[in-house]
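Chemist: My questions concern the predicted model and sequence given below.
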Amino acid sequence: MSKMTMEQLAEIKLSNAQIAWRAAQDIEDGAYVNLGIGFPEMVAKFQPEGREAIFHTENGVLGFGEAPAAGEEDWDLINAGKKAITLKPGSAFFHHADSFAMVRGGHLDVAILGAYQVAENGDLANWSTGRGGVPAVGGAMDLVHGAKRVAVLTDHVTKKGDPKLVASCTMPLTGVGCVTRIYTSLAVVDVEAGRFVLREKLPVITMENLQALTGAELTTNGPVGDLIAPDL
Amino acid sequence: MDKQVATLAEAVAGIPDGASVMIGGFGGSGAPIELIHALIDSGARDLTVVNNNAGNGHVGLAALIEQKRVKKLICSFPRSADPRVFTEMYLAGEIELELVPQGTLAERIRAGGAGIPAFYTPTSYGTELAAGKPTAEFDGKPYVQERWLKADYALIKAELGDAMGNLSYRMAARNFNPLMATAATHTIAQVSRVVPLGGIDPEQVVTPGIFVNSVVAVAEPAQEEALNRAEAVYP
């Protein structure tokens, strides 16, 4: 088994935009979706032609659209990342308790978040490195409960090359057994019955190399598709 | 009945040292900047403040913290574009922080206003933020018990208000404001415009006046984001 170098990995891995593109392909027309701050927000840009999701933001808006042009911002109209947004026809405002009723009450179809680590039982660590500083959690611990699907977007390994898909999280947990699917820079992996189940991988990486970059066993359950994203 | 108060100073005059104060807003959106600045001017200190955040820059809540008026902050996300004021005081041990997941914070305030002393939520189960809290299983799933949150005062921001304290909000500036209005002993609302009774269609009233004690008009209120872009500092 030949171990890949970080340079070789950098050559083949998907960019963040490509990971976001892949996640967007799984969002149905009319789905109610919450996108985490930062990287997951990119998913909105890659909705397939003919499909329109309705985006939820924790601070009380359903059905928001893209950022306004510079100078056109209305600071009463922002998203959870405190960025200015616009409204689409059919949008709605509501207070924070209603917003989280939508989250915990099982009304969202998909929540998409970033991750430091995901464990094979679906545990997620994404809010604290546990290394001190000012702790901040926001809505992450709420968002991982209640959405019908909780998906994670992440590089397959850390900048140092350590696996982010692990047997058990060593960083502080955001939620227990909550993640259903992981879109990484190398693969699409489901969490089923406490195991990682490989659904797709980059055609150029071998199973052996992918397993070597993963901190727990990658099982298969049916065919493994090719993970192919357009140049973005 | 007329709940209108003529000045911001008069509106916050009764807030004593050591009071617990809920402050509405999510980041700058819906933040009652003028009421917060009036609270700074009033001199009240040793406050326990409930807000989603911990201020941004050197205005509003950040200014209240910078002036060393806040003993303890209960919030979900004490970070912002410019979080230096809170960060430095927190790391120096000069301010206490109770970190609460955002949805739990909202529901604790809602419960406080609704007379529900505790409730169970899946949020934070199995995490360090659930440490020491009772848990229970319902229909085979684990939940964490959380307690209501109430305060002596709430400072909130609305768009329209009338003399009876009925309020409506503007866009996403609603956020925590209607919840906090219900959970405080004394709720003070700054409104961009006071309208005659009936000026807010009863169908459009978001906060009924029963939850509001004082209404003070602040036409064209400042936006935290705009103040920060201008590098404003208060006082």
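Modeler: Structure's in. What do you need? Numbering: from 1, shown residues only, chains lettered A, B, ... in the order given.

Chemist: what secondary structure does B:A181 sit in?
Modeler: What DSSP: H, G, I helix; E, B strand; the rest coil gives for B:A181 is helix.

Chemist: Would you enumerate the residues in contact with it?
Modeler: Shown in contact with B:A181 (CB atoms under 8 Å, 6 or more residues apart in numbering or on different chains): B:113, B:154, B:156, B:167, B:187, B:189, B:207, B:211-212. All C-beta spots, glycine's among them, are computed from the backbone N, C-alpha and C.

Chemist: Which pLDDT value belongs to residue 127?
Modeler: With no chain named, the answer covers chain A. On the pLDDT scale, A:W127 is placed at 96.

Chemist: my bad, chain B
Modeler: With respect to pLDDT, B:T127 has a value of 98.

Chemist: and what of the one 5 residues further on?
Modeler: Reading off the confidence values, B:G132 has pLDDT 97.

Chemist: The one 5 residues further on too?
Modeler: Note for B:E137: predicted pLDDT of 98.

Chemist: got a list of what residue 149 touches?
Modeler: By default, I'm working from chain A. When contacts are counted by CB under 8 Å, 6+ apart, A:R149 touches A:109-111, A:180-181.

Chemist: my question was about chain B
Modeler: The contact partners of B:L149, taken as CB under 8 Å, 6+ apart, are B:50, B:74, B:105, B:108-109, B:111-112, B:183.

Chemist: I'd like to know which of those are buried.
Modeler: B:50, B:74, B:105, B:108-109, B:111-112, B:183 (16 or more other CB atoms under 10 Å in any protein chain shown).

Chemist: For A:L173, state which of the residues you listed is nearest.
Modeler: Of all the buried ones among the contacts of B:L149, A:L173 sits closest to B:L105, with 18.9 Å by CB to CB.

Chemist: did I read that right, the closest one in a strand?
Modeler: No. Counting by three-state DSSP, B:L105 falls outside a strand, being helix.

Chemist: ok, it to B:A183 distance?
Modeler: As judged by CB to CB, to the nearest Å, B:L105 and B:A183 stand 11 Å apart.

Chemist: May I ask which helix or strand encompasses the closest residue to A:G106 other than its chain neighbours?
Modeler: Spatial nearest neighbour of A:G106, chain neighbours left out: A:G146 (5.1 Å); criterion: CB to CB, 6 or more residues apart in numbering or on different chains. Per DSSP states H and E, A:G146 falls between elements, in no helix or strand.

Chemist: Close to chain A as well: tell me which of the contacts of B:L149 qualify.
Modeler: B:105, B:109 (CB under 8 Å from any CB of the partner chain).

Chemist: ok, which pair from the contacts of B:L149 is furthest apart?
Modeler: B:I74 and B:A111 (14.1 Å).

Chemist: hey, where'd the strands end up in chain B?
Modeler: For chain B, the strands defined by DSSP state E cover B:20-23, B:47-50, B:70-75, B:96-99, B:118-121, B:135-138, B:141-147, B:151-161, B:167-168, B:184-194, B:214-217.
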